[in-house]
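>>> I need the structure of the sequence given here:
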Amino acid sequence: MINNKTYAVFGLGRYGSAVAKELVNNGAEVLAVDIDEERVNEAVSDIPFCKCADVTDPEVLKQLGIANIDVVIIAMATDLEASVMATMLCKEMGVKTVISKCSSEMNCKILSKVGADKVIFPESESGIRLAKNLLSSGFVDILDISSDVSMVELEVRDEWENKSLLELNLRKKYSINIVSIIEDGKVNVMIDPEKPLKKTMRLIVIADTAKLRKL
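This next block holds a predicted model:
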């Protein structure tokens, strides 16, 4: 599931630390930043590249090389002003994907307006789950059912387009069980195995977590 993207996490509270640690544990290159030196010192044993810095300062972000980071996760929901400033600066510097944590619906709207590509309610999405989704190439979403089994929302790959599930035999090839197909916003659990797949579809599958790497 690992990919070659680089990540930065701003804010090393419980949520930010969980995201950063999960990314590091899966072999990703992660820069973690917090303005609180004590938090940085606590995190450095688990996250090698930790910096104590003010991410609302454009000069600091330039020195950190944020323009070269693929994904920035801004986990400072308790400080809306800092989150807004960091989001805006990252987008201005050309960061392709900025994910901002928010503490209310209004804050989410504000962060979306200033450029956040995705906003996160931590109550509905854990830091570990976010990290797993970021690391998963071609996976739209991953939800752990148990320590061994995951439910995954999967894109239809180019090589699967216009082929049926019968032809592809994904269960045998990847050890996954398709439980439903999302098409035009509707979830269909009555799956026709002979119907050709379209790129606009999403497959909901249940799989052995260890075997997801085959995808």
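
>>> all strands for the protein, in order.
Taking DSSP state E as the criterion, the chain carries its strands at 6-10, 29-34, 50-52, 71-74, 97-101, 118-120, 139-144, 149-155, 176-183, 186-188, 202-208.

>>> Lowest average pLDDT across these?
Here the strands of the chain differ in mean pLDDT, and the lowest is strand 139-144 at a mean of 51.

>>> residue boundaries of the helices in this protein?
Secondary structure of the chain, counting by DSSP state H: helices at 14-25, 37-43, 58-64, 80-92, 105-113, 127-135, 165-168, 170-174.

>>> E194: which of those is closest?
Closest approach to E194 among these is made by helix 165-168 (5.5 Å; Cβ to Cβ). No exception for glycine: its C-beta is placed from N, CA and C like everyone else's.

>>> re the thing from before, nearest to C108 among the strands of the chain would be which one?
Across these, the minimum distance to C108, taken as Cβ to Cβ, is reached by strand 118-120, at 4.2 Å.

>>> Give me the contact list for that closest one.
Outside of strand 118-120, the residues within contact range by Cβ atoms under 8 Å, 6 or more residues apart in numbering are T97, V98, I99, S100, K101, C102, C108, L111, S112, L130.

>>> now the third one: how far from D148?
What it means is I99. Using Cβ to Cβ, to the nearest Å, I99 is found at 28 Å from D148.

>>> before we move on, what about the fifth one?
Distance check for K101 against D148: by Cβ to Cβ, it reads 29 Å.

>>> Which of those two has more residues huddled nearby?
Set side by side, K101 and D148 show more neighbours around K101, with 28 against 11, by other Cβ atoms under 10 Å.

>>> dump the residue contacts of the more buried one.
For K101, the residues meeting the contact criterion (Cβ under 8 Å, 6+ apart) are G11, Y15, G16, I73, I74, A75, M76, A77, S83, V119, I120, P122.

>>> and if we set it to 7 Å?
With Cβ atoms under 7 Å, 6 or more residues apart in numbering as the criterion, the residues that contact K101 are Y15, I74, A75, A77, I120, P122.

>>> May I have the beta-bridge partners of it?
Partner residues in beta bridges with K101: I120, with DSSP bridges as the criterion.

>>> and stretch 58-71, C-alpha only, in PDB?
Listed next in PDB are the C-alpha coordinates belonging to stretch 58-71 (Å, rounded to 0.1, in the frame of the first residue of the first chain):
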ATOM      1  CA  PRO A  58       5.900  32.200   5.200                       C
ATOM      2  CA  GLU A  59       9.700  32.400   5.700                       C
ATOM      3  CA  VAL A  60       9.700  29.500   8.100                       C
ATOM      4  CA  LEU A  61       7.700  27.400   5.600                       C
ATOM      5  CA  LYS A  62      10.200  28.300   2.800                       C
ATOM      6  CA  GLN A  63      13.100  27.200   5.000                       C
ATOM      7  CA  LEU A  64      11.300  23.900   5.800                       C
ATOM      8  CA  GLY A  65      10.900  23.300   2.000                       C
ATOM      9  CA  ILE A  66       7.100  22.900   2.200                       C
ATOM     10  CA  ALA A  67       6.900  23.700  -1.500                       C
ATOM     11  CA  ASN A  68       8.500  20.300  -2.200                       C
ATOM     12  CA  ILE A  69       6.000  18.300   0.000                       C
ATOM     13  CA  ASP A  70       3.200  16.400  -1.700                       C
ATOM     14  CA  VAL A  71       0.700  16.300   1.100                       C
END
